[in-house]
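*Asks:* heads up, no residue letters with this:
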């Protein structure tokens, strides 16, 4: 397994280089530049020339690329054109923990709802419970966050006024400590949960719907296997057969989507962060396109790619744990 992991990491290096190169070229190919339409008046040509010279934008594109890669190897992600006093490293330090909070909470909610719902639907196959769970799963997959998010804000934020929604990541950026004590949930973390519950629900329900469908399909396939019938014939309890023998193998399809799911969840959702005004990486990613923040967009894309590669590597490791027959060496 160690050899396989090292081999995968080495293969990922040219992949990351190609991602950096393609993103760098594409963002520079977009019409316009970071110093166009600054304010109401056009920027004077002399000022534009000085700014481009300051950031190296007047150099040939290949030279700009290799300068960026060299800075990247030193841990410098690049400057910000709109805020010269800050750089991309500052943006990542501020927004990455917020996106992690949103993503991990959404994943926890998705697995907490999806796996039990899929198990119940499989065990109650072709019953009203199964039909209801399947309907809710299809509904959760079909309704996008672009629709669910505004509905949650309209109902629970505006009309009922149960929860507040703007401000997560600005006024309360680090209130959550991942495993707070129950007594603290209604103390220092109370405002955090009020701000987090709607975006987490909007993301988590979409994850839970897909997880429930895969869990149901995988468990139904496993329940028809010979070794499950043998376990029942030996007199094992149904709960033991389901949890110990059937569930582990039925989660292999769920593990398949964990790589991209984890990468997308940890980095946050682009649409969800926009809707709920969350100061996360997804929101910065969208803003960097319109502002032509070359270094910010390229660095965030690289970070997404790294997380996706790590997520897929984690999936391969989980495969070997779920199915001992899988060998990578």
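*Replies:* Received it, and whenever you're ready, just let me know what you need. Because the structure is predicted, anything quoted here is derived from the model rather than measured.

*Asks:* least confident secondary structure element in this structure?
*Replies:* Counting by mean pLDDT, DSSP states H and E, the chain has its least confident helix or strand at helix 182-185, which shows a mean of 41.

*Asks:* for the stretch 201-329 of the chain, which segments are assigned as helices?
*Replies:* In the stretch 201-329 of the chain, the segments counted as helices under DSSP state H, counting those that start in this stretch are 226-233, 238-240, 247-250, 252-266, 270-275, 281-290, 294-322.

*Asks:* adding distance to residue 212 and mean pLDDT, write these out as JSON lines.
*Replies:* From N, CA and C alone the C-beta is placed, and that goes for glycine too. Below are the helices of the stretch 201-329 of the chain laid out as JSON lines (distance: least, C-beta to C-beta, whole Å; pLDDT from 0 to 100):
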{"stretch": "helix 226-233", "distance to residue 212": "21", "mean pLDDT": "83"}
{"stretch": "helix 238-240", "distance to residue 212": "20", "mean pLDDT": "80"}
{"stretch": "helix 247-250", "distance to residue 212": "12", "mean pLDDT": "78"}
{"stretch": "helix 252-266", "distance to residue 212": "10", "mean pLDDT": "73"}
{"stretch": "helix 270-275", "distance to residue 212": "20", "mean pLDDT": "79"}
{"stretch": "helix 281-290", "distance to residue 212": "25", "mean pLDDT": "81"}
{"stretch": "helix 294-322", "distance to residue 212": "18", "mean pLDDT": "81"}
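
*Asks:* closest to residue 153 out of those?
*Replies:* helix 270-275 (7.2 Å; C-beta to C-beta).

*Asks:* where in the stretch 1-150 of the chain is pLDDT low?
*Replies:* 1, 37-42 (pLDDT under 70).

*Asks:* the helices in it, which residues?
*Replies:* Going by DSSP H, counting those that start in this stretch, the stretch 1-150 of the chain shows helices at 2-29, 45-55, 61-73, 88-123, 128-142, 145-152.

*Asks:* pick the most buried one from those.
*Replies:* Sort these by mean neighbour count, taking mean count of other C-beta atoms under 10 Å, and helix 88-123 sits at the top with a mean of 21.

*Asks:* if we can go back for a sec, need the helices of the stretch 1-150 of the chain in JSON lines (columns: distance to residue 311).
*Replies:* Formatted as JSON lines, the helices of the stretch 1-150 of the chain follow (distance: least, C-beta to C-beta, whole Å):
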{"stretch": "helix 2-29", "distance to residue 311": "12"}
{"stretch": "helix 45-55", "distance to residue 311": "33"}
{"stretch": "helix 61-73", "distance to residue 311": "21"}
{"stretch": "helix 88-123", "distance to residue 311": "11"}
{"stretch": "helix 128-142", "distance to residue 311": "20"}
{"stretch": "helix 145-152", "distance to residue 311": "20"}
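
*Asks:* good, we can wrap up now.
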